[in-house]
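Asker: Turn this into a model:
(chains A and B)
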Number of protein chains: 2
Amino acid sequence: MRPSKLTAEPVSRLVDELGRLPGIGPKSASRLTYYLLRASREQALALAEAILELKERVFLCSTCFNITETDPCALCLDPTRDRSIICVVEEPLDALALERTGEYRGLYHVLHGAISPVDGIGPDKLRIRELLERVERERPQEVILATNPNIEGDATAMYIARQLIPRGITTSRPASGLPVGGDLEYADEITLGRALVGRRAL
Amino acid sequence: MRPSKLTAEPVSRLVDELGRLPGIGPKSASRLTYYLLRASREQALALAEAILELKERVFLCSTCFNITETDPCALCLDPTRDRSIICVVEEPLDALALERTGEYRGLYHVLHGAISPVDGIGPDKLRIRELLERVERERPQEVILATNPNIEGDATAMYIARQLIPRGITTSRPASGLPVGGDLEYADEITLGRALVGRRAL
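Answerer: Okay, here's the model as predicted:
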């Protein structure tokens, strides 16, 4: 007997679609599908509508390329933000994380990724050209390159810095070091090394 | 500044909806949402439609309570199945797993859960009454109680067996023992104990 007799076509279809999402394997996709089968009609409809609305109402700000429902986005329009600093991040979630610190009052620029030759992502696939045009136009005092502290993020920051420094723009990178509340004993060598190199006078 | 300025409302709405799914925490929900933002419109629409179709086209068979697009389901109608055996399982996925073995040719009955007083799930919340009515009606020779081999599944099997045995129905439970391809050394004591008790002559 083909297992299809026991699996309704809409079930296997949803298992397939969920399985295409990152971090969701075939087993999780099945579990989620059977959960949605049991869930209330309202909950399933709310989820489907949230997905549809995301694609209908959300797009990228033409200035900072963060996600927004209006163009320019609310943050780019906010008169209380410091327009002399642009913080460059890989993803919208990174900007959100920086906002949560409450330490940053400037503007953002979202690259939507990092340079990664292995994955076929060159500078042309990111919003780097738009960043350089924006910097020419807005002439900020400083550009913070807050790409992730890993190989791809470091390479991306270096690539951008090499184009900004000749233009006379101050570029910086957030400090690498020990996480607050962390334990020196358990820090990896690279982090500990960077924390030593970047030590600050008390 | 409120983070809402950086988070479009449809984004936080989808994060909330995804976060209501089992096994998906706030971080995974955010990641999936931003993935869907970047994904093609086609992929997002396909996912939303698959969810809607699941709720529109799939319901429960009125005989075996497995998921189906037709009532009775294709398996209940299949003339090649052995109608003298009913295998009772907790979830549709369990029936699917049994089908995949190719060892079972009888019918199914899906309880949609197991008795679990801690979670407020009593026998009345499962399809047990329907099973007893069905057994009276169809008079199968045997009912296999293939609920999960854990506390809740064992309790559920015992509860059902106590009602079937007085009705003169043969009830059985799948063997517990060592998984095929497993290593005796690594088996837990309970499994190893059950494997010894259930040993078979060669």
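
Asker: quick one, strands of chain A?
Answerer: Here chain A has its strands, by DSSP state E, at A:59-60, A:67-68, A:85-89, A:107-110, A:142-145, A:170-172.

Asker: Could you name the stretch from those that's closest to B:Tyr104?
Answerer: strand A:67-68 (49.9 Å; CB to CB). Placement of C-beta: from N, CA and C, glycine included.

Asker: which residues are contacting that closest one?
Answerer: For strand A:67-68, contacts defined as CB atoms under 8 Å, 6 or more residues apart in numbering or on different chains pick out A:58-61, A:73-74, A:92, B:8, B:11, B:37.

Asker: ok, for A:Pro92, nearest residue in space, not its chain neighbours?
Answerer: What sits nearest to A:Pro92 in space, not counting adjacent residues and going by CB to CB, 6 or more residues apart in numbering or on different chains, is A:Ile67, at 5.0 Å.

Asker: ugh, wrong one, I meant A:Ala114
Answerer: Counting by CB to CB, 6+ apart, the residue nearest A:Ala114 is A:Glu152, at 3.9 Å.

Asker: what residues does the lowest-mean-pLDDT helix or strand in chain A touch?
Answerer: Using mean pLDDT, DSSP states H and E, the weakest-scoring helix or strand in chain A turns out to be helix A:189-197, at a mean of 82. Applying CB under 8 Å, 6+ apart, the contact partners of helix A:189-197 are A:176-178, A:184, A:187.

Asker: Considering those, which possesses the most neighbours?
Answerer: A:Gly177 (19 neighbours; other CB atoms under 10 Å in any protein chain shown).

Asker: circling back to that earlier point, so of the contacts of strand A:67-68, which two are at opposite extremes in space?
Answerer: A:Ala74 and B:Leu37, at 17.0 Å, using CB to CB across those.

Asker: Between the two, which is the more surrounded one?
Answerer: Using other CB under 10 Å as the criterion, A:Ala74 and B:Leu37 rank with B:Leu37 on top: 21 against 17.

Asker: any idea how far chain A is from the more buried one?
Answerer: Distance, B:Leu37 to chain A, by CB to the nearest CB, to the nearest Å: 6 Å.

Asker: was I right about that residue contacting A:Val58?
Answerer: Yes: counting by CB atoms under 8 Å, B:Leu37 does reach A:Val58; the two are 6.3 Å apart.

Asker: Contact partners for the residue nearest the centre of chain A?
Answerer: The residue lying closest to the centre of chain A (CA atoms, centre = their mean) is A:Glu91, at 1.6 Å. When contacts are counted by CB under 8 Å, 6+ apart, A:Glu91 touches A:110, A:112-113, B:34.
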